[in-house]
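Q: Any chance you could fold what I've pasted below:
(2 chains, ligands or ions: 2)
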Amino acid sequence: MSTWQIRFLSLWRREISRFMKIKKQTLGGPLLETFLYISVFGAALGSRIKELHGIEYIVFVIPGLIMMAFATNAFSNNSSSILQQKFLGAIHDQLSSPASPRELLLAFSLGGFVRGLIVATLTFIVAIVLTNLTVDHVLVLLPSIFLVGFFFANLGVLIGVRAEQFDDVAFAQTFILQPLIFLGGVFYSAALLPEPFETLTKFNPVYYMISLVRYGFVGFTEVNIPLALAALTAATAALFLLNLRLFQRGYKLRS
Amino acid sequence: MPAPALEIVDLQKRYPNGVEALRGVSIGIQPGDFFGLLGPNGAGKSTLIHCTTGLAQPTGGEIRVFGHDAISDYGEARAAVGLAPQEVNLDQFLTCEETLEFHGGYFGMRKRDRKERAAELLETFSLTAKARERTRALSGGMKRRLILARALMHRPRLLILDEPTAGVDIELRLELWHYVQKINAEGVTILLTTHYLEEADQLCGRIAFIADGQIAAQGTSEDLAARYDVVNLEDAYLALVGRRELSRSHVDGGVTA
Ligand SMILES: Nc1ncnc2c1ncn2[C@@H]1O[C@H](COP(=O)(O)OP(=O)(O)OP(=O)(O)O)[C@@H](O)[C@H]1O
Ligand SMILES: [Mg+2]
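A: Numbering: from 1, shown residues only, chains lettered A, B, ... in the order given. Ligands and ions are numbered 1, 2, ... in the order given. A predicted model of the protein is given here:
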C-alpha cells in the first residue's frame, strides 16, 4: 500500500470506528426506527390501504424507508462526527497531517455513507424476508441509492463543517431534512395528493430520489427516470465539488 | 548547507475578526536546534505554530519546513512536524492505543510499525496500563503525556511543543525535560513555547521573544540578558513586557536600577 492509501484508509477507518463504538445509538436506534415505521405503516395502515398503483402498500413504502434510512444515517453521522471533532479540537490531528483536502473530504463523507449502507442493507434483508419486496431494475437501483447516500453524506459534511453548536445540526435535521424526506413521498404517491401539494411535491428534490429508488425496487414511477438520474448525478457532483472547494479553502476548519 | 528545520519569513496573520496576531515575524531554526519562543499571553506564539502546521492560514509571508513550503508543499512539510498543541485535543471515543495508531496512519506508517511504535511510546510515557482505556478516562497529566506521545508517533524531525508542561506535576515536567533533551541529542529539532523561564533557560539553546505579533529579540539566554542590559533571562523577559519592577534580582540586593 502506498503512503496516501494508508493515510486515506486510516482517516476512513477512524470515521467508521466512531459509529461502531456507539452502535446502539448509531445502528440500533435507526434500525428500530425503521422497523417501527414498517410495522405502523405496513401492518396497521397496510391493512386499510392494501394497494397503491397496483402495488401492495407495504412494498410501496419500503423502498422509501430504505432510502430514508440511508439518507438520514449518512447525514447525521457526518454532521455529528465533524462537529464533535471540531468541538473537542480532535480534528486538528487530521488537519495537521499530510492528508489532502480531497482525502479528508472523502474519508469524512464515506464514514456516514458506510453507516447508511449498513442500516439500509439490514432493512433490505429484513424486508426481502418478511415482505414481497422485489428488485426490478437493479441497474437503476444501485446507482440511485448510492448517489442518494453519497449526496446526503456530503450534505452532512457541509452542515457539520458550517455548524458551530449542536443545535445547528439538530436544526438542519429536524427542520430541513425530515420535512423534505417526509413530504417527498416516502409513505404515499404524490399523485394522490390534493393541489397545491401535488405540484409542490414536484419541487422537492427528495421526491425524485424516492421515485428513482422505488422504481429500482418495484418498477413503479411517476417521473422520467433517465432525467431524474441525470439530475441526481449532477446534484451530487455539484455538492461534492462545493465541499471540496470549502475543504481546499479551509472553510471553518482552518482558522 | 542543509535547509533550515524551520524558516519563517515576514509571517503575517490577521484573523477574520480583524485581530493582527502576527505582524511580520521572521525566525530561522537550524536542524538540531532547541529553540524557545517566549512571550506574554496573546503574543502570537500559538498562531505561529498553527500557521506552520496548517491549522491557521497565514495572510502573508513564507514558512518552510526543511525546505518545504508549508502551503504549496504542505504534505512534505507536515510530514516532518510533530505537534503537541497547547489545548488537550484528544478524541474521547478512542483509546490511548487507537489515538496513536490512527495518528500513525494519517502519516502513512505501516500497521506493524504503528503497533510497535505505539507500544514503545506508551511505555516511555508510562501509559502502558492505560493502553486500552478511552482517553476521557485519563487524568489531566496522562492526557498531556498522550499528546506528547502522539506528536512523536510518526518520528517527526521537527517537534513543536506548545506549552507542554502547563499544569503537569514536577516529576512529569522533569521527565519530559530529560526526554526532549535526549531526542534533541539524537537529532530532533525542537520548538518550545513555555511561560516557565527556567525551563527555557535550561533547555533552549536559542530563544526568541515575541510580543504583540512581532519578534522583539532573539539569541541565547545570555544574548537576551545583554540585549536588555540585565542579569538573566527572567529580567530580560520582564524588560520585554515592561515590568522591570517585578525583578527578583532586586530582592537579592545585587542589582539596582
Ligand atoms: N481563532 C482565532 N480567531 C481570532 N483571533 C484569534 C484566534 N486565535 C487567536 N486569536 C488572537 O490572536 C492573538 C494571538 O493569540 P495566540 O493564541 O497566538 O497567543 P499565544 O502567544 O499563544 O498566547 P498564550 O500564551 O496565551 O497561549 C490573540 O489576540 C488572540 O486573541
Ligand atoms: Mg498559545
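
Q: Whichever residue of the stretch 51-200 of chain A sits closest to ligand 2 - nearest residue in space that isn't next to it in sequence?
A: The stretch 51-200 of chain A approaches ligand 2 most closely through A:Gly89 (13.0 Å), counting by C-beta to the ion. For every residue, glycine as well, the C-beta is placed using N, CA and C. Once flanking residues are discounted, A:Gly89 sits nearest to B:Asn89: 3.3 Å by C-beta to C-beta, 6 or more residues apart in numbering or on different chains.

Q: So that neighbour is in contact with A:Lys86, correct?
A: No. The pair B:Asn89 / A:Lys86 is not scored as a contact, 10.3 Å apart, by C-beta atoms under 8 Å.

Q: Which residues of the stretch 151-255 of chain A lie near chain B?
A: Counting by C-beta under 8 Å from any C-beta of the partner chain, the stretch 151-255 of chain A comes close to chain B at A:250, A:254-255.

Q: and those residues, which are buried?
A: Among those, those classed as buried by 16 or more other C-beta atoms under 10 Å in any protein chain shown are A:Arg254.

Q: Tell me which of the residues of the stretch 151-255 of chain A next to chain B fall in helices.
A: In helices, judged by DSSP state H, none of these are found.

Q: Export the residues of the stretch 151-255 of chain A next to chain B as TSV, with columns for pLDDT and distance to ligand 1.
A: Compiled in TSV, these are given as follows (pLDDT from 0 to 100; distance: C-beta to the nearest ligand atom, whole Å):
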residue	pLDDT	distance to ligand 1
A:Gly250	92	12
A:Arg254	94	10
A:Ser255	91	4
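
Q: how about stretch A:62-79: buried residues?
A: A:62-79.

Q: Which ones among the residues you listed map onto helices?
A: A:62-79.

Q: one step back: so the residue nearest to A:Gly89 lies in a helix, does it not?
A: No. Under DSSP: H, G, I helix; E, B strand; the rest coil, B:Asn89 sits outside any helix and is assigned coil.

Q: what's the neighbour count on residue 163?
A: The chain I'm using is chain A. A:Ala163 is flanked by 21 other residues according to other C-beta atoms under 10 Å in any protein chain shown.

Q: try chain B instead
A: By the criterion of other C-beta under 10 Å, B:Glu163 has 19 neighbours.

Q: what does B:Val25 give?
A: 25.

Q: Below-threshold pLDDT in the chain: ranges please.
A: All of this is about chain A. A:45-46 (pLDDT under 70).

Q: oops, chain B please
A: Low-confidence segments of chain B (pLDDT under 70): B:250-257.

Q: who's in contact with the most centrally placed residue in it?
A: With distances taken as C-alpha atoms, centre = their mean, chain B has B:Leu161 as the residue nearest its mean C-alpha position (2.4 Å). Contact analysis of B:Leu161 by C-beta atoms under 8 Å, 6 or more residues apart in numbering or on different chains lists B:84, B:148, B:151, B:180, B:190-193.

Q: for B:Glu198, same thing?
A: B:Glu234.

Q: let's see it at 10 Å
A: Neighbouring residues of B:Glu198 by C-beta atoms under 10 Å, 6 or more residues apart in numbering or on different chains: B:232-234.

Q: mind listing what B:Leu246 touches?
A: Under the criterion of C-beta under 10 Å, 6+ apart, the contact partners of B:Leu246 comprise B:234-235, B:237-238.

Q: which of those residues tops the neighbour count?
A: Within the contacts of B:Leu246, most neighbours by other C-beta under 10 Å means B:Tyr237, with 25 neighbours.

Q: Surely it is in contact with B:Tyr228?
A: Yes. The pair B:Tyr237 / B:Tyr228 is scored as a contact, 8.6 Å apart, by C-beta atoms under 10 Å.

Q: where do the contact lists of these two overlap?
A: B:Phe209.

Q: Neighbours of A:Phe87, how many?
A: That count, for A:Phe87 with other C-beta under 10 Å as the rule, works out to 13.

Q: That one: which element?
A: Per DSSP states H and E: A:Phe87 is located in helix A:57-88.

Q: That helix vs chain B: in contact?
A: Yes. Using C-beta under 10 Å from any C-beta of the partner chain, helix A:57-88 reaches chain B at A:81, A:84-85, A:88.

Q: got any residues that touch both of B:Asn89 and A:Lys86?
A: A:His92.

Q: CA atoms only for stretch A:118-129, dumped as CSV, please.
A: Taking Å, rounded to 0.1, in the frame of the first residue of the first chain, the C-alpha atoms of stretch A:118-129 are listed here in CSV:
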residue,chain,number,x,y,z
ILE,A,118,-25.3,-0.8,6.8
VAL,A,119,-28.7,0.3,8.1
ALA,A,120,-30.2,0.3,4.6
THR,A,121,-28.8,-3.2,3.8
LEU,A,122,-30.1,-4.7,7.1
THR,A,123,-33.5,-3.1,6.4
PHE,A,124,-33.5,-4.5,2.9
ILE,A,125,-32.6,-8.0,4.2
VAL,A,126,-35.5,-8.0,6.7
ALA,A,127,-37.9,-6.6,4.0
ILE,A,128,-36.9,-9.3,1.5
VAL,A,129,-37.5,-12.0,4.0
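
Q: Can you give the distance of that stretch from its chain's centre?
A: 15 Å (C-alpha atoms, centre = their mean, to the nearest Å).

Q: next one: stretch A:199-219
A: From the chain centre to the centre of stretch A:199-219 is a distance of 14 Å (C-alpha atoms, centre = their mean).

Q: Could you pull up phi and psi at B:Val25?
A: The phi/psi pair for B:Val25 (degrees, to the nearest 10) reads phi -90, psi 130.

Q: likewise the one 5 residues further on?
A: Phi and psi for B:Gln30, reported as degrees, to the nearest 10, are phi -80, psi 150.

Q: With the one 3 residues further on instead?
A: Note on B:Asp33: backbone dihedrals following degrees, to the nearest 10 are phi -70, psi 150.

Q: Does it touch B:Leu203 like I think?
A: No. Using C-beta under 10 Å, B:Asp33 makes no contact with B:Leu203, being 11.2 Å away.

Q: any residues in contact with both of those two?
A: Residues touching both B:Asp33 and B:Leu203 (C-beta under 10 Å, 6+ apart): B:184, B:190.

Q: Test my guess that B:Trp177 contacts B:Gln202.
A: Yes. If you go by C-beta under 10 Å, B:Trp177 and B:Gln202 touch, sitting 6.8 Å apart.

Q: which residues does the residue nearest to A:Ala43 when sequence neighbours are not counted contact?
A: Of all residues not flanking A:Ala43 in the chain, A:Ile58 sits nearest, at 7.6 Å (C-beta to C-beta, 6+ apart). A:Ile58 makes contact with A:38-39, A:41-43, A:45-47, A:49-50, A:65, A:127, A:130-133, according to C-beta under 10 Å, 6+ apart.
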